[in-house]
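Q: next one to model:
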Amino acid sequence: MTGWSEHKAAGISYLERAGTGPVLVLLHGIGSRAASFTPLLAYLPAEYRVIAWNAPGYGNSDPLDQDWPVAADYARALARFLDQVVPEGQVMLLGHSLGALMAASFAAARRDRVSRLVFASPALGHGMARGGTLSAAAQSRIDDLERQGAEAFATARAARLVFAPEANPETVALVRSAMSQVKLPGYAQAARMLASGRLLDDAERLSVPTDVIVGAEDRVTPPEGAERAHAALPRAMRGRLTLLPEAGHAIYQQAPARFAAALELSPVPAAL
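A: Coordinates of the predicted model:
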């Protein structure tokens with residue numbers, strides 16, 4: 001796995017590329033894993049320290065204790081994790097899809113730890129009360145994984161995350177590979193968190209500069225949702241809203257170079 005080293009801290013397995021510059025922390029989505037960010041790595045400034053976590057219940061990360069966690073539960077897990085791997089200073093935090101819900105909850109509670117926030121193809125959440133009846137969409141995710149198994153589950157779903165999948169089989173294969181690694185109970189916990197998520201509520205509370213990036217052809221979290229998330233941000237915190245053409249939900253896998261360019265990462269001073 002070129003560029004990465006594997007570690008575990010605070011019950012979280014993660015990948016890291018060492019660097020002496022700013023710290024960029026990457027949070028994947030519901031059907032993904034830390035290694036999904038590998039195509040992006042080559043386009044990030046070499047000086048940046050890059051950390052990609054496997055969310056609780058993914059990869060070798062321990063699942064959460066709650067059967068139905070909310071975004072704040074993942075944010076607390078992220079706080080414990082960062083207190084060990086980045087004990088001082090601030091990080092730039094990027095959350096993709098479901099990861100945006102986790103990132104927003106963390107940044108709203110721990111402004112002191114985040115220098116900049118990026119929502120990539122953000123999931124808004126379904127706004128359900130914890131413990132109620134799951135929406136059909138959320139319940140079907142869990143049922144399909146249980147019934148089909150991870151390999152068939154990934155095969156059935158991967159193409160939908162890619163723009164023009166028939167013309168981009170390599171990207172579909174990357175998405176399928178990551179999705180085929182999901183497992184219970186982690187995936188079920190994440191699906192329930194998605195059902196109760198309220199990204200717009202957390203976005204309104206943010207006091208961190210925040211950018212939003214979405215694929216113009218995203219069918220999973222369409223641009224309209226990203227626009228709503230951007231509009232919900234306090235005006236002083238509202239950064240760029242970028243639509244990448246010819247990119248679907250798996251935006252940093254389908255268009256890693258253009259995604260990295262949209263981040264507009266600050267150059268690292270020579271002293272670092």
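
Q: top helix in this structure by residue count?
A: Longest helix in the chain by number of residues (criterion: DSSP state H): helix 71-85.

Q: whatever helix or strand comes next after it pairs with which strands?
A: Scanning forward in sequence from helix 71-85 by DSSP states H and E, the next helix or strand is strand 91-96. Under the criterion DSSP bridges, strand 91-96 sits next to strand 23-27 (parallel), strand 114-120 (parallel) in its sheet.

Q: and the longest helix of the chain, what does it pack against?
A: Other helices and strands packing on helix 71-85, by 3 or more CB pairs under 8 Å, 6 or more residues apart in numbering; DSSP states H and E, are strand 5-9, strand 12-17, strand 49-53, helix 98-109, helix 186-196. The C-beta positions use only the backbone N, C-alpha and C, and glycine is treated the same way.

Q: the same query, at a cut-off of 6 Å, please.
A: For helix 71-85, the elements it packs on are helix 98-109, judged by 3 or more CB pairs under 6 Å, 6 or more residues apart in numbering; DSSP states H and E.

Q: for the helix it packs on, the distance to its chain's centre please.
A: Here helix 98-109 is found 9 Å from its chain centre; the criterion is CA atoms, centre = their mean, to the nearest Å.

Q: so for it, mean pLDDT?
A: Average pLDDT, helix 98-109: 98.

Q: now that helix: buried residues?
A: 98-109 (16 or more other CB atoms under 10 Å).

Q: still on that earlier bit, a markdown table for the strands paired with strand 91-96, including mean pLDDT, distance to Q66 and mean neighbour count?
A: As requested, these are arranged in a markdown table below (pLDDT from 0 to 100; distance: least, CB to CB, whole Å; neighbours: other CB atoms under 10 Å):
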| stretch | mean pLDDT | distance to Q66 | mean neighbour count |
| --- | --- | --- | --- |
| strand 23-27 | 98 | 18 | 24 |
| strand 114-120 | 98 | 24 | 24 |
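
Q: can you list the buried residues in the longest helix of the chain?
A: Neighbour counts over helix 71-85 (16+ other CB under 10 Å) mark 71-78, 81-82, 85 as buried.

Q: likewise for stretch 45-56?
A: Neighbour-count burial for stretch 45-56 flags 45, 48-56 (criterion: 16+ other CB under 10 Å).

Q: between the residues you listed, which is nearest D144?
A: A55 (19.3 Å; CB to CB).

Q: so how far is P22 from that closest one?
A: The spacing between A55 and P22, counted by CB to CB, to the nearest Å, is 22 Å.

Q: likewise for S105?
A: Distance of S105 to P22, computed by CB to CB: 22 Å.

Q: excluding its backbone neighbours, what's nearest Q66?
A: Spatial nearest neighbour of Q66, excluding adjacent residues (CB to CB, 6 or more residues apart in numbering): D73 at 5.6 Å.

Q: could the strands paired with strand 91-96 be laid out in a markdown table, adding distance to P39?
A: Below are the strands paired with strand 91-96 laid out as a markdown table (distance: least, CB to CB, whole Å):
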| stretch | distance to P39 |
| --- | --- |
| strand 23-27 | 12 |
| strand 114-120 | 14 |
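
Q: how much distance is there from stretch 152-163 to the middle of the chain?
A: Relative to its parent chain, stretch 152-163 has a centroid offset of 17 Å by CA atoms, centre = their mean.

Q: try stretch 119-137
A: 15 Å.

Q: how long is that stretch from one end to the other?
A: End-to-end distance of stretch 119-137 (CA to CA, to the nearest Å): 22 Å.

Q: got the buried residues for that stretch?
A: Using 16+ other CB under 10 Å as the burial criterion, the residues of stretch 119-137 that qualify are 119-125, 128, 134.

Q: give me the residues contacting it.
A: Contacts with stretch 119-137, where a contact means CB atoms under 6 Å, 6 or more residues apart in numbering, come from 68, 70, 96-98, 100-101, 194-199, 212-214, 218, 221, 225-226, 229, 249, 251.
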